[in-house]
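Asks: Take a look and give me a structure for this.
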Amino acid sequence: MGAYWFSAYLEKEGGGEVEERLVYGEKFVRNHSGSKSYVQMNTDGFFVTPGYVMLDNFEPISFSSTPVETAGNYIKRGCSLLLIQHLVTSIRHYRQLYDEYLNKLSGIPVNYMVVPVINAKLIKAEMVRFFARKGCPFLCIEVDLINDLKNVSWEWLVQAQAYKRIPLTIRVKDSENTSNNYSELWSSLSKQYGIIKLSELQDDEIVSFQNLKDSGIFPSRGRLTSGGQADYNLFWKTQHSLIDEQEKFIYHNPVPNVTIMNGQVKQVNQTLVDRKPGTHIQVKLHKHFV
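Replies: Residues are numbered from 1 along each chain as shown. Just a heads-up that it's a prediction; the model follows:
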């Protein structure tokens with residue numbers, strides 16, 4: 001869409017306010033850049049939120065028979081960066097399987113990152129180093145039983161984390177099993193061994209702001225900041241469920257009227273208008289802004 005600017009009610013921590021943003025190419029910029037003249041984009045009647053960074057819990061890409069269509073569904077819900085979970089099943093061949101998995105994702109229309117999910121019984125220090133080199137935002141350790149956490153060689157994993165500070169988190173395979181406090185044990189183990197971890201267990205589909213910072217995804221994405229990617233959503237104001245009486249955004253699974261990714265319109269009123277393949281995004285610095 002070139003060089004343009006807009007003034008709108010922007011979602012912010014604890015509420016929102018009317019602000020201006022400049023976009024040049026794929027990025028938000030602080031000041032006018034380049035030789036092009038900036039045109040005003042009319043955003044009257046819209047609220048603006050950052051493009052959502054989502055974890056593919058709701059519709060896992062790995063299990064989809066139509067991954068391109070499934071990825072498009074995420075765009076329609078306002079996702080501009082999708083964290084796709086990749087189940088690691090082999091100790092010896094995980095490198096090859098990872099490369100093969102990336103090839104399968106090459107045509108999906110949303111920008112994406114890969115989050116390896118590794119069973120606690122399989123995870124090795126070499127895996128931590130490998131996936132950190134590949135720019136994965138974090139590693140998810142899958143737990144079957146609470147004793148699985150106690151039997152991991154945490155000292156070796158922590159040593160491997162020192163290479164790039166990639167965070168770890170856990171996921172309980174049987175999410176309905178609440179008889180054991182996995183979260184409390186995970187917190188205790190992290191303190192005991194000095195594990196670099198996500199600050200919050202990522203149970204929700206939309207990645208929390210703190211976890212965006214921990215993983216190194218922010219500041220490139222997740223907020224409407226200068227130098228960040230021009231990923232954002234426009235919501236028509238008649239969708240009254242977007243804000244409460246304190247002018248704080250609340251979400252009851254609303255869908256945006258327009259989604260912009262890399263400064264380009266991707267969907268309008270739940271119709272994809274740009275089906276070009278997205279890009280595999282890699283993290284450069286984990287926990288850099290924590």
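Asks: you'd agree residue 22 is in a helix?
Replies: No - the assignment for residue 22, made by DSSP: H, G, I helix; E, B strand; the rest coil, is strand rather than a helix.
Asks: Isn't it up against residue 30?
Replies: Yes - with contact defined as C-beta atoms under 8 Å, residue 22 counts as touching residue 30 (7.4 Å). For every residue, glycine as well, the C-beta is placed using N, CA and C.
Asks: Compare these two and say which is more crowded by neighbours.
Replies: residue 22 (18 against 10; other C-beta atoms under 10 Å).
Asks: give me every residue that touches residue 270.
Replies: Listed by C-beta atoms under 8 Å, 6 or more residues apart in numbering, the contact set of residue 270 reads 76, 255.
Asks: List phi and psi for it.
Replies: Recorded main-chain torsions at residue 270 are phi 70, psi 20, according to degrees, to the nearest 10.
Asks: roughly how far apart are it and residue 165?
Replies: From residue 270 across to residue 165, the span is 39 Å (C-beta to C-beta, to the nearest Å).
Asks: same check, this time on residue 226
Replies: In terms of C-beta to C-beta, residue 226 sits 25 Å off from residue 165.
Asks: Next up, the contacts around the nearest residue to residue 215 once chain neighbours are set aside.
Replies: Using C-beta to C-beta, 6 or more residues apart in numbering and skipping the chain neighbours, the partner closest in space to residue 215 is residue 137 (3.7 Å). By C-beta under 8 Å, 6+ apart, residue 137 lies in contact with 83, 113, 115, 166, 167, 215, 216, 217, 283, 286.
Asks: where does residue 137 sit relative to residue 82, distance-wise?
Replies: Taking C-beta to C-beta, one finds residue 137 at 11 Å from residue 82.
Asks: can you give me the strands in the stretch 51-200 of the chain?
Replies: 52-55, 79-88, 111-119, 139-143, 168-172 (DSSP state E, counting those that start in this stretch).
Asks: Nearest to residue 153, out of those?
Replies: strand 139-143 (12.2 Å; C-beta to C-beta).
Asks: Residue 88 bridge partners, please.
Replies: residue 118 (DSSP bridges).
Asks: So what's the residue count around it?
Replies: 22.
Asks: Now that it has come up, it's in contact with residue 94, right?
Replies: Yes - at 5.1 Å, residue 88 and residue 94 qualify as touching, with contact defined as C-beta under 8 Å.
Asks: list residues touching both of those two?
Replies: residue 127.
Asks: low-scoring stretches of this structure, by residue?
Replies: 13-14, 175-180, 239-253, 288-290 (pLDDT under 70).
Asks: Residue 131 and residue 166 touch, don't they?
Replies: Yes - when contacts are counted by C-beta under 8 Å, residue 131 is listed as touching residue 166 (6.8 Å).
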